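Asker: Next input, structure requested:
(2 chains)
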Protein chains: 2
Amino acid sequence: MNRNPHVAVVGATGAVGVEMIKTLEKRNFPVGKLTLLASARSAGKKLKFRGETISVQELTKNSFNGIDVALFSAGGSISKEFAPLAARSNCVVVDNSSAFRMDDTVPLVVPEINAADVKHHSGIIANPNCTTAITLMALYPLHQAFGVTRIFASSYQAVSGTGAKAIEELERQVNEIVSGKPVTKEVYPHQIAFNVLPHVDSFLPDGYTKEEMKMQNEGRKIMHHPNFRASVTCVRVPVYRAHSVAVSAEFENPISVEAAREVLKKAPGLDVIDDPANKAYPLPLHTAEVYNCAVGRIRKDCAMDNGLCFWVSGDQLLKGAALNAVQIAEELVRSN
Amino acid sequence: MNRNPHVAVVGATGAVGVEMIKTLEKRNFPVGKLTLLASARSAGKKLKFRGETISVQELTKNSFNGIDVALFSAGGSISKEFAPLAARSNCVVVDNSSAFRMDDTVPLVVPEINAADVKHHSGIIANPNCTTAITLMALYPLHQAFGVTRIFASSYQAVSGTGAKAIEELERQVNEIVSGKPVTKEVYPHQIAFNVLPHVDSFLPDGYTKEEMKMQNEGRKIMHHPNFRASVTCVRVPVYRAHSVAVSAEFENPISVEAAREVLKKAPGLDVIDDPANKAYPLPLHTAEVYNCAVGRIRKDCAMDNGLCFWVSGDQLLKGAALNAVQIAEELVRSN
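Answerer: All right, here's what the predicted structure looks like:
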């Protein structure tokens, strides 16, 4: 890969695309040139990058000529159609959709965990599910030290995980309620303001949602741990930004709170915020727009041997999407 | 007990007290006379009962002369001071605080589960923790059929569980945010609007909160199941009314979704709302002001043998407090 690659952002005007552009700038990614791509509807919009104004171009089959690396966040169907085309043009795709995550020929990478997998790509590298990535930022260091067998987890997922329209929906519903108007729904099947929805992504025949099973499926692949089991309930909450996850984790080896805390303090990309006496624990409101994930509420699980409970929050637009994608691109440049 | 007892509501002007009065009326409880008691600050306030206006009186040592049954919801310290006094005046206390719940001489009752325990009172009967009561409404019938060993659970608790001031706090913070003003905090240590707080009740030395351990401690007593284990994370969410709980439950005996659903459909005080294809599952917004709890998202737990996941919602001011207290009082009248 070119040391100053020509980068494309596909889905540049979306909630994640905008964060990708900001993250490339903030982390001084060695962008040689930046091309912004989106649907015909968004073409012509202007976005800023390093003080320069860049026009968004319509995504077409020929968009990838001369592009070195393309960060995709435009939904699964766009990825399925355009990522293989891009890869055939010698562009490396970092894809934020779920389209290729479980494909054996596609690495699925959280750089703090399995950066070395980046090398084995065939043109496409997948960015993991946001809730999975955030949970693994705390779980994987514990796994290395104590050997995780399974987890039971429940999520508290922000509306921005659904996209910019869901942010607008929560704002609109709150305004409707405050001004005594009827509540309107466009994005979610039920009112999200002052409510919680035990429904993220679509349902599978066994009653889990796709989102819920990503933790086990993607977790196995990222951690190289084929026997990892995860039973998860994913819930949308009226928070604008940053997901949180309550985790009960079982380990092969004995684990103490002290030993776990030492491991977590040394973990890259993770802050330990765990001082109940001073009412300090991770909060989505404080984790929003922060690169690092935060872990707290660390305690021995009272319902299993070798068990630990913890609570992790992370900005799902950053570590759960844009930041992780840019970190993968950084690995690509570094591994030249 | 008198067939038309003289009833007192202690803490009559609080969020739960108001619901107790409404519930006594709606369920046609055979109230002979109703006395409303509260702190000096609230004395003189007028409340309606069966079309009649009743003045709130100041709670004193002599308030319980001639009272047959007193429903207490004025906090633990008021209960500790006045419930034994009331009991000595031959008044039976149904106490909504946590003050006496784990006292061996005090029955802790969810009438659908252990109504018979009401008989063994010595003047005080305890009403359980709201999150525990709501969870057990679905868990206990499954326990009877399959023998629960342990659960892993996470809660999504409404602000009204904290009281009327917390409802005002969420409303005020939302208005402050909508109108671009700084957010003020009085009740919770952190902003609750558009945030979630993994902190309900005070912290214990082992890192759990008191609220989290109530599920195991009270669950054991109510279900007569001393080996029941429960690892819980309790989280406050910006919902006005009705708690929800995501549960992974392990059983001694094999359990299928079909068999579990049959058991739950027959369970008293519980509605099964479980039709993912039609986006039907329990929602706090729909469970608010409803007597029955609702269970859904029923599925085999993918991380344990003999495991079942479910999601239960219930109005914590009703089944979690006022309704359950009135149901206990109904048992007292019935057991004459």
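Asker: got the residue ranges for the strands in chain A?
Answerer: For chain A, the strands defined by DSSP state E occupy A:6-10, A:33-38, A:46-49, A:52-55, A:57-58, A:69-72, A:92-95, A:124-126, A:148-156, A:229-233, A:243-251, A:270-272, A:293-300, A:307-314.
Asker: For residue B:286, see how far away the residue nearest to residue A:163 when sequence neighbours are not counted is.
Answerer: Nearest residue to residue A:163 in three dimensions, chain neighbours excluded: residue A:15, at 5.1 Å (CB to CB, 6 or more residues apart in numbering or on different chains). Where C-beta positions appear, they are placed from N, C-alpha and C, glycine not excepted. According to CB to CB, to the nearest Å, residue A:15 and residue B:286 sit 29 Å apart.
Asker: before we move on, what about residue A:220?
Answerer: Noted for residue A:220: a distance of 36 Å to residue B:286, by CB to CB.
Asker: And residue A:53, by the same measure?
Answerer: Remark: distance between residue A:53 and residue B:286 (CB to CB) = 48 Å.
Asker: wait, doesn't the residue nearest to residue A:163 sit right on residue A:168?
Answerer: No - with contact defined as CB atoms under 8 Å, residue A:15 and residue A:168 do not form a contacting pair (10.5 Å).
Asker: These two: who's more crowded?
Answerer: Counted by other CB atoms under 10 Å in any protein chain shown, residue A:15 and residue A:168 do not tie: residue A:15 has more neighbours, with 22 against 13.
Asker: Just the helices from chain A, written as ranges.
Answerer: Counting by DSSP state H, chain A has helices at residues A:15-26, A:76-88, A:111-114, A:130-146, A:164-178, A:210-223, A:257-266, A:284-287, A:323-334.
Asker: okay, those, which one's buried deepest?
Answerer: Comparing those by mean neighbour count (mean count of other CB atoms under 10 Å in any protein chain shown), helix A:130-146 comes out on top with a mean of 25.
Asker: Now do that one, average pLDDT.
Answerer: Per-residue pLDDT values over helix A:130-146 give a mean of 98.
Asker: Would you reformat the strands of chain A as a markdown table and include distance to chain B?
Answerer: Supplementary listing: the strands of chain A in a markdown table, determined by distance: least, CB to the nearest CB, whole Å:
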| stretch | distance to chain B |
| --- | --- |
| strand A:6-10 | 28 |
| strand A:33-38 | 28 |
| strand A:46-49 | 24 |
| strand A:52-55 | 29 |
| strand A:57-58 | 34 |
| strand A:69-72 | 28 |
| strand A:92-95 | 26 |
| strand A:124-126 | 22 |
| strand A:148-156 | 4 |
| strand A:229-233 | 4 |
| strand A:243-251 | 4 |
| strand A:270-272 | 13 |
| strand A:293-300 | 3 |
| strand A:307-314 | 5 |
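Asker: I'd like those strands laid out as TSV, including mean neighbour count and distance to residue B:42.
Answerer: Output for the strands of chain A, formatted as TSV (neighbours: other CB atoms under 10 Å in any protein chain shown; distance: least, CB to CB, whole Å):
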stretch	mean neighbour count	distance to residue B:42
strand A:6-10	26	60
strand A:33-38	21	59
strand A:46-49	14	57
strand A:52-55	11	62
strand A:57-58	16	66
strand A:69-72	28	60
strand A:92-95	26	61
strand A:124-126	26	60
strand A:148-156	26	36
strand A:229-233	25	40
strand A:243-251	27	37
strand A:270-272	21	44
strand A:293-300	25	36
strand A:307-314	28	37
